[in-house]
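using only what follows, build the 3D model:
(chains A and B, ligands or ions: 2)
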Amino acid sequence: MEICIRLEEVRRIYPMEAGDVYALNGVTLDIGVGEFVAIMGSSGSGKTTLLNQIGCLDQPTSGDLFIEGRNTRELSDFELTNLRRDAIGFIFQKFNLIPLLTAFENVEYPLILKTGARDTTGKPADLLKLVGLDGGHIHHTPNQLSGGQQQRVAIARALANNPRILLCDEPTGNLDSKTGQQIMDILTDLNGQGKTIVMVTHSDEIASFADRIITIRDGVIQ
Amino acid sequence: MTFELAKRNVRLHLFRSILAAIGIIIGVVAITSMGMLGGALERSVSDELMNMGNSIIITPAGPSIGDEKAGIDERDIRQIKLIAGRHPTIAFYNTYDQIKVGENRRYASVYGVDPGELPSITTLVSGRYVSGTEGVMIGQSLARQYDIKEGNFITIGIGSREQRLRVVGILENTGFSGGIQTDNAIVGSERWYESKYGGRGKYDQVVITVEDLDEIDRIKDQIDARLNRREDIVNIMDFRAMISSIQDAIGQISLFVMAIGGISLIVAAVSILNVMLISVNERIKEIGILRSIGTQKSDISKMFLYEATILGIIGSAVGGLMSLIGGGFLILLIMQDIKYLMTFNTVFTIFYGMCIGIVICIAAGVYPAHRAAQMNPIDALSND
Ligand SMILES: Nc1ncnc2c1ncn2[C@@H]1O[C@H](COP(=O)(O)OP(=O)(O)OP(=O)(O)O)[C@@H](O)[C@H]1O
Ligand SMILES: [Mg+2]
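Ligands and ions are numbered 1, 2, ... in the order given. Sure thing, here's the model as predicted:
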């Protein structure tokens, strides 16, 4: 199996006045290319922290993280930012769309980050259509869209630069079960197309879509 | 797209943005109208000073003692003219005397000038130049003060020396020019002056009008060497030092006045800084999102710098327009002459003030933009 994401003895310690919090306490983990992994665990166990490490939004306090063979410790902030733009797509529980931009522009934005120019290919509309959003909705701002629609936009945005890795933090957490099901269908499709997916969830039902379930407790993988 | 985001944020928080821009508007108006006022002041004084800048004034060194009047004699004047060469040189008599118009009395300067020289140093408003010993001319200010027209009479002198004379011409105001100052004076012919005050051939002043300022020192030195060889017969002076010190003083006044405007710009900068910090704080989550999907730190700081720049450009443009009106009003109020408004200097000052306004806005945005860019993406994302 070709390794996509590798963690070696990763610790993330939050220094607090009341004492250090070991959010991750020596996590060693390999995730293969094209794998669909679900991360489960109780609240506060360190799931989001783990996902943020993999997404290069944060640096481990100790230990090493390799993304497609590259040690993130050796990358500058500039390079890590470009890695997030090109190789990784984020999907959050709270959708996290940019409120000032329309659905179309939210999807267009990562393309602009990469090319430096506004899109002329119509790719954002294609992506939105792919996740089941078209018509007038694509020119609405996030607050004019339902939760399910917003999450579709968020997925389309995550796909804009054709990343190899999708990181989802409770992607269905704010959706009803029917909409959640639809989102999971989209993710399963994307995984079928070869994308590596790491998904945090509380739900056994949602976790059952994954190839592998990893359980974490107090920052340690069980 | 970062610019687009900045623009939309300004529009979204229009009221707050307008309040911030008002600070800049006031600042720009203050600094430019003060600058324009200073510039106009400088020029109106310069216009007056220019006339005397190129004169050399020669006066007798010794005092008049009793009946023995001090003066520059014909022989000395010939020497001076020889040295002055092509530069126009004029010698004249000058004293103070009482004048009476109707029941009004005052003292005024009285000049005795060669009538042949008069047209080259003065301009007539009405009437004609004097000739022979008949009649005098008066300056425009004096004429206005007593409402004197040509053909009217004025009385010069006290008691037994009183003399009633016809005014034959009115001379245009020249302001403070180096040599002969006719605005409030009586001007008669040499021969009339000699017959009234005596002292024939002992002139009170010689004025050389030097076309080329660089020659002033050479001429002064030569006159000094020739006439003051054994003892000081004449004093020789020019106004360059005085003019430059007056101009320095006015420059400093303008600067001081602009500094007052500058203070209001600092206040404006603080309000921009405040608005930008609020904007950054409100958009922490958005910063986190932007960073998570691959926006570089530099683009985040640009986004906020753009926002500050937009505020600066709008505020400065409105401020520039208003200072044209405000500055014009001030100039009109103080100098009563709008001609000092529409000049290169005014346009430059407004442009300059607007640039300062924009630069100050951008500068005020630097710290908030830096703070936004340095934010940890995780902390920013978890902000609700
Ligand atoms: N910025 C932070 N500063 C201090 N402690 C933190 C911070 N972020 C997380 N933690 C702590 O780290 C631990 C793990 O947090 P994390 O957010 O990873 O949990 P989680 O598994 O995602 O929980 P949930 O299911 O509620 O989302 C928690 O104890 C949390 O309090
Ligand atoms: Mg979490």
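
which bits of chain A sit near chain B?
Applying C-beta under 8 Å from any C-beta of the partner chain, we find that chain A lies next to chain B at A:52, A:55, A:57-58, A:77-78, A:81-86, A:90, A:92, A:96-101, A:105, A:108-110, A:112-114, A:118, A:157-158, A:161. Quick note: C-beta positions are derived from backbone N, CA and C, even for glycine.

dump the residue contacts of B:Ile313.
Contact partners of B:Ile313, counting by C-beta atoms under 8 Å, 6 or more residues apart in numbering or on different chains, are B:Ile358, B:Cys361.

mind running it again at 10 Å?
B:Ala21, B:Ile24, B:Met354, B:Gly357, B:Ile358, B:Cys361, B:Ile362 (C-beta atoms under 10 Å, 6 or more residues apart in numbering or on different chains).

need those in CSV (columns: secondary structure and distance to B:Met303).
Below are these laid out as CSV (DSSP: H, G, I helix; E, B strand; the rest coil; distance: C-beta to C-beta, whole Å):
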residue, secondary structure, distance to B:Met303
B:Ala21, helix, 18
B:Ile24, helix, 20
B:Met354, helix, 23
B:Gly357, helix, 21
B:Ile358, helix, 17
B:Cys361, helix, 15
B:Ile362, helix, 13
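
hang on, the earlier thing: of the residues of chain A next to chain B, which belong to helices?
In this view, those that belong to helices under DSSP state H are A:52, A:77-78, A:81-86, A:105, A:108-110, A:112-114, A:157-158.

are any of those buried, and if so which?
Neighbour-count burial (16 or more other C-beta atoms under 10 Å in any protein chain shown) is assigned, among these, to A:52, A:81-86, A:105, A:108-110, A:112-113, A:157-158.

on the three-state scheme, the most centrally placed residue in chain A is what?
Against the mean C-alpha coordinate of chain A, by C-alpha atoms, centre = their mean, the closest residue is A:Leu167 at 2.1 Å. Following DSSP: H, G, I helix; E, B strand; the rest coil, the label given to A:Leu167 is strand.

helices of chain B, residue ranges please.
Under the criterion DSSP H, helices of chain B are mapped to B:2-12, B:14-53, B:74-84, B:118-121, B:140-146, B:190-197, B:216-227, B:240-282, B:284-292, B:297-335, B:344-374, B:377-381.

give me the pLDDT value at whichever residue of chain A sits closest to chain B.
When scored by C-beta to the nearest C-beta, chain A has A:Arg85 as its residue closest to chain B, at 2.4 Å. As predicted, A:Arg85 sits at a pLDDT of 94.

what sits closest to it if chain neighbours are left out?
Spatial nearest neighbour of A:Arg85, chain neighbours left out: B:Gly294 (2.4 Å); criterion: C-beta to C-beta, 6 or more residues apart in numbering or on different chains.

ok, A:Asp176 next?
Nearest non-adjacent residue to A:Asp176, counting by C-beta to C-beta, 6+ apart: A:Gly148, 7.9 Å away.

how deep is that neighbour tucked in, by neighbour count?
Using other C-beta atoms under 10 Å in any protein chain shown, A:Gly148 has 20 neighbouring residues.

try A:Glu170
For A:Glu170, the number of neighbouring residues by other C-beta under 10 Å comes to 20.

contacts only, for the residue in the stretch 151-300 of chain B that chain A sits nearest to.
Going by C-beta to the nearest C-beta, chain A is nearest to B:Gly294 of the stretch 151-300 of chain B, at 2.4 Å. Shown in contact with B:Gly294 (C-beta under 10 Å, 6+ apart): A:56, A:80-90, A:109-110, A:113-114, A:160-161, A:163.

and it, how far from ligand 1?
As judged by C-beta to the nearest ligand atom, to the nearest Å, B:Gly294 and ligand 1 stand 21 Å apart.
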